[in-house]
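Q: coordinates only, sequence not included:
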């Protein structure tokens, strides 16, 4: 299968970037369709967990088209939206010209040490091959006392629902994507990454090992998504 159409679980950054370039124009619409509208609530919960305060500087990584970044701007924060996909950045700048979009690899961020009060990453960490390194890099650019918020797909807590959810991921999600997306193969990849991603507790341990303190998580929608939060000493 052509790597421009989809990436694989090796998660080579250039393949992941190219894949997201191709789905950028309809990415937010597809998210809403495939999550049955739940994505709006997940974004709102992420903003609440970040506890934004006017004047703070925030880095939103894997920002895509800026849907996750725009709420922070409305709260009066200085927002930097970072993404590896040039296609996502182009679409984001078109939709939100008031936001500062930067092309960046989360494992090698182009920012100074202790530059941000808060760093967030929504639905992007599982696409990074060396995600422990990404968490350490996010720690580096965060000020002392600063906050990390990771919003990511996770493992449903109720076993019967978990089985139904796995069936949806591997069967229904690619089918629905095939009806509405020009690149349904990319959603097969996304389903695979969700299925292979660590559950809540193992991810919390990796976050703590990256240097973050007071690591906690909260399940959303029965554990389909989990919000992980930590602070820098």
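A: Arrived safely, thanks for sending. Computed from a predicted model, the values in this text were never measured in an experiment. Residues are numbered from 1 along each chain as shown.
Q: tally of neighbours for residue 74?
A: When neighbours are counted by other C-beta atoms under 10 Å, residue 74 registers 10. Every C-beta, even on glycine, is put in place using the N, C-alpha and C of the backbone.
Q: Actually, residue 227.
A: Per other C-beta under 10 Å, the neighbour tally for residue 227 reads 22.
Q: helix, strand or coil for the residue of the chain positioned farthest from its centre?
A: If you look at how far each residue of the chain sits from its centre, by C-alpha atoms, centre = their mean, the farthest one is residue 160, at 26.4 Å. In three-state terms, and counting by DSSP: H, G, I helix; E, B strand; the rest coil, residue 160 is helix.
Q: Buried residues of the longest strand along the chain, list them for me.
A: Longest strand in the chain, counting residues (DSSP state E): strand 142-153. Buried residues in strand 142-153, counted by 16 or more other C-beta atoms under 10 Å: 142-143, 146-153.
Q: Can you redo those residues as TSV, where the extra columns are pLDDT and distance to residue 215?
A: As requested, the buried residues of strand 142-153 are exported to TSV (pLDDT from 0 to 100; distance: C-beta to C-beta, whole Å):
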residue	pLDDT	distance to residue 215
142	98	14
143	98	18
146	98	14
147	98	11
148	98	9
149	98	11
150	98	10
151	98	14
152	97	14
153	95	18
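Q: between the residues you listed, which is closest to residue 222?
A: Relative to residue 222, the closest of these is residue 153; by C-beta to C-beta it sits at 12.1 Å.
Q: Skipping its backbone neighbours, what lies nearest the closest one in space?
A: Nearest residue to residue 153 in three dimensions, chain neighbours excluded: residue 194, at 4.5 Å (C-beta to C-beta, 6 or more residues apart in numbering).
Q: what's the burial count for the one you found?
A: 21.
Q: Quick check, it in contact with residue 169.
A: Yes: under the criterion of C-beta atoms under 8 Å, residue 194 makes contact with residue 169 at 5.8 Å.
Q: returning to that earlier point: tell me how far the longest strand of the chain lies from the chain's centre.
A: Distance of strand 142-153 from its chain centroid, counting by C-alpha atoms, centre = their mean, to the nearest Å, is 12 Å.
Q: Quick check: can you name the pairing partners of it and their directions?
A: strand 116-122 (parallel), strand 225-231 (antiparallel) (DSSP bridges).
Q: Tell me which residues are up against that strand.
A: 42-43, 45-46, 49-51, 68, 114-126, 135, 138-139, 194, 197, 203, 207, 212, 224-233 (C-beta atoms under 8 Å, 6 or more residues apart in numbering).
Q: what does stretch 208-219 give?
A: So stretch 208-219 is contacted by 45, 49, 132, 135-136, 138-139, 148, 154, 157, 200, 203-204, 207, 225-233 (C-beta under 8 Å, 6+ apart).
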